[in-house]
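S.K.: got a predicted model here, sequence first, then my questions.
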Amino acid sequence: MKSQARPEETVFQAFVRSEAFSGVLLVITAICAFAWANSAWSPAYERLRDVPVGIGVGGWALQKPLLLWINDGLMAVFFLFVGLEIKREVLIGELASPRAAALPIAGAAGGMVVPALLYAWLNWGGPGLHGWGVPMATDIAFALGIMALAGRRVPVGLKIFLTAVAIVDDLGAVMVIALFYTDSLSLTSVGLAAVTLAAAAAYGWRRGGNMMVYAVLGALLWYFMLKSGIHATVAGVLLAMTVPISRRARPESLRVVVDRVLEEDGFEAAEVRLETLEEQLEKIRSPLHELEHALQPWVAYAIMPVFALFNAGFTLSPGVGLGAPVALGSFVGLVLGKPVGIGLFCWLAVCSGRASLPAGANWGSLLATSWLCGIGFTMALFIASLAFGTSALLDQAKLGVLLASATAAILGLGTLLFTLRPETTTTRAGSAADGSESR
């Protein structure tokens, strides 16, 4: 189930390819969920989401509907993956350099603030105001999947910008969930979560790389967070911050082992050396990269599609229409607020001299990318479920998010195709790709 990079691809290009396929899978599952919820078998859809699932040991038991196991449990793994991406980008990726990080951080800030303000304005004084966080985040899988439809003409720098913006506003969404979608706190459970997190941090500080240790500590942290009142998925991001990115062995040690393997004459001795080489390769890759690589296919091809299947379905009814404030706020926030906020804040960052446009991009293609950021799907639906629970407002939010994501995809792709001229952009994209491969 692992996603293997092709020999001629960089790691980033392989990532984009896998995320693009994940976006297609999300579209299919979302359509299936909507069709199921509005078919003659809709009662079965609701019953499946409400199936009670529990685990217990002795006198201890934890029971929840299947939908909540997916939203609280599986999505904690999704947030663990998001946290690993954030840490990697901040320490050694596109957000490590202040100059390189300035543009996506500015864009993400505008892409969170403006949509939230537009939503709040359209829902001021109404019961839907609590959902102001719905149009804040970008669905990276959907957005990169749509961008991939433009083909090789898209500059690599523009793809990196889109990825960085999505990662930054994912971080913003996590902070919003932790600070504004927490009802009450249990100080005892918060304290136990803090002790567990400290244990994970101490293990990571000593460059611990046993994934079973992180699994056990992560399960405990998730349970204590669940009982604390803070949404359990935040545990995934917190755990990711403790996973070390430093290597357990130096590349020089690998060169020594390779030289020994090449010098061996006996088959059995060479086989032993090859086993040593495999062990050394595992040590050279950091625990963070190892865990991120292991989680990526499960998140892309299992967790996100399952989440979409169980959350994208809603029944169309007379009370659910785009004119409803929650639906309209979600739609306007994503389709209008995202490009305006990202474009405006990026323009200010470039004009102030703190940032520059991505290599091979122009303001037209940046606007198109900003529109693609209006594809909010996964995180938007997740925040909507936190804001509205099972109320009728949730169906309005789902309608607004789904229509906005489809509209943003069409407008973003159309603008991107119009602004990227084949005779000039292909060369730029190729040179950018070559440059990334030479790093």
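M.R.: Arrived safely, thanks for sending.

S.K.: quick one, phi psi at A143?
M.R.: Comment: the main-chain dihedrals of A143 come out as phi -60, psi -50, following degrees, to the nearest 10.

S.K.: that one: what's it in contact with?
M.R.: The neighbourhood of A143, defined by Cβ atoms under 8 Å, 6 or more residues apart in numbering, consists of G23, L162, A166, L372, C373, I375, G412. (C-beta placed from N, C-alpha, C; glycine too.)

S.K.: tell me how far the residue lying closest to the fourth one once chain neighbours are set aside lies from A387.
M.R.: On the basis of Cβ to Cβ, 6 or more residues apart in numbering, the spatially nearest residue to L372 that is not a chain neighbour turns out to be G412, at 3.7 Å. Applying Cβ to Cβ, to the nearest Å, one obtains 26 Å for the distance of G412 from A387.

S.K.: pick out whichever of those two has more residues nearby.
M.R.: Shown here are G412 and A387; by other Cβ atoms under 10 Å, G412 has more neighbours (27 against 22).

S.K.: pull the distance from the host helix or strand of that one to the chain's centre.
M.R.: Assessed by DSSP states H and E, G412 sits inside helix 392-419. For helix 392-419, the distance from its own C-alpha centre to the chain's C-alpha centre is 18 Å (Cα atoms, centre = their mean, to the nearest Å).

S.K.: same question, stretch 235-247
M.R.: With Cα atoms, centre = their mean as the basis, the distance from the averaged C-alpha position of stretch 235-247 to the chain average is 16 Å.

S.K.: show me where the stretch 151-300 of the chain has its helices.
M.R.: Listed in chain order, the helices of the stretch 151-300 of the chain (DSSP state H, counting those that start in this stretch) span residues 156-180, 187-205, 211-228, 234-240, 251-263, 267-284, 287-298.

S.K.: of those, which approaches A359 most closely?
M.R.: helix 156-180 (3.8 Å; Cβ to Cβ).

S.K.: elements contacting that closest one?
M.R.: In this structure, helix 156-180 makes packing contacts with helix 11-37, helix 75-91, helix 98-122, helix 140-148, helix 234-240, helix 363-372, helix 377-388, helix 422-438, judged by 3 or more Cβ pairs under 8 Å, 6 or more residues apart in numbering; DSSP states H and E.

S.K.: point out the other helices and strands that the fifth one packs with.
M.R.: Helices and strands touching helix 234-240, as assessed by 3+ Cβ pairs under 8 Å, 6+ apart, comprise helix 75-91, helix 156-180, helix 187-205, helix 211-228.

S.K.: possible to save these as CSV with mean pLDDT?
M.R.: Shown next, in CSV, are the helices and strands packed on helix 234-240 (pLDDT from 0 to 100):
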stretch, mean pLDDT
helix 75-91, 90
helix 156-180, 88
helix 187-205, 94
helix 211-228, 94
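
S.K.: out of those helices, flag the one nearest I303.
M.R.: Among these, the nearest to I303 by Cβ to Cβ is helix 75-91 (5.3 Å).

S.K.: wait, what's in contact with A194?
M.R.: When contacts are taken as Cβ under 8 Å, 6+ apart, A194 is in contact with no other residue.

S.K.: what distance do you get for it to D183?
M.R.: 20 Å.

S.K.: coming back round to it: the helix holding G412 to helix 98-122, inter-axis angle?
M.R.: Helix 392-419 and helix 98-122 meet at an angle of 130 degrees, taking axes from the mean of the first three to the mean of the last three Cα atoms, to 10 degrees as the criterion.

S.K.: pLDDT weak spots in this protein?
M.R.: Within the chain, the ranges that satisfy pLDDT under 70 run 1-20, 247-284, 319, 421-439.

S.K.: centroid residue for it?
M.R.: Relative to the mean C-alpha position of the chain, the nearest C-alpha, by Cα atoms, centre = their mean, is the one of V82, at 5.0 Å.

S.K.: tell me the contacts of it?
M.R.: Listed by Cβ under 8 Å, 6+ apart, the contact partners of V82 are I167, D170, V174, G236, V237, A240.

S.K.: what's the spacing between it and V57?
M.R.: According to Cβ to Cβ, V82 stands 30 Å off from V57.

S.K.: likewise P318?
M.R.: Plainly put, P318 is 48 Å away from V57 if you go by Cβ to Cβ.

S.K.: can you check F142 too?
M.R.: According to Cβ to Cβ, F142 stands 39 Å off from V57.

S.K.: more neighbours: those two, which one.
M.R.: The neighbour count for F142 versus V57, taken as other Cβ under 10 Å, is higher for F142 (29 against 7).

S.K.: mind listing what that one touches?
M.R.: Shown here is F142, whose contacts under the criterion Cβ under 8 Å, 6+ apart are G23, L26, V27, I375, F377, T378, S405, A409.

S.K.: let me know the closest of those residues to V340.
M.R.: When those are compared against V340 (criterion: Cβ to Cβ), the nearest one is I375, at 15.7 Å.

S.K.: sorry, back to before: include distance to A100 when you put the helices and strands packed on helix 234-240 into TSV, please.
M.R.: Rendered in TSV, the data for the helices and strands packed on helix 234-240 read as follows (distance: least, Cβ to Cβ, whole Å):
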stretch	distance to A100
helix 75-91	10
helix 156-180	8
helix 187-205	26
helix 211-228	30
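
S.K.: quick one: closest of the ones you listed to P104.
M.R.: Nearest to P104 among the helices and strands packed on helix 234-240 is helix 156-180; the distance by Cβ to Cβ comes to 3.5 Å.

S.K.: got the angle for that closest one vs helix 211-228?
M.R.: Counting by the same axes, to 10 degrees, helix 156-180 points 50 degrees away from the direction of helix 211-228.

S.K.: from the chain's centroid, how far away is helix 156-180?
M.R.: Centroid separation for helix 156-180 versus its chain: 8 Å, with Cα atoms, centre = their mean.

S.K.: any buried residues in that helix, and which?
M.R.: For helix 156-180, burial by neighbour count (16 or more other Cβ atoms under 10 Å) applies to 156-174, 176-178.

S.K.: nearest spatial neighbour of L129, skipping sequence neighbours?
M.R.: For L129, the nearest residue in space outside its immediate sequence neighbours is N123; the separation is 4.7 Å by Cβ to Cβ, 6+ apart.

S.K.: residues in contact with the one you found?
M.R.: Contacts of N123 were listed using Cβ under 8 Å, 6+ apart, and they are L129, G131, W132, P325, V326, G329.

S.K.: which elements pack onto the strand or helix carrying K64?
M.R.: Under the criterion DSSP H and E, the helix or strand holding K64 is strand 60-65. Taking 3+ Cβ pairs under 8 Å, 6+ apart as contact, the helices and strands that strand 60-65 lies on are strand 52-57.
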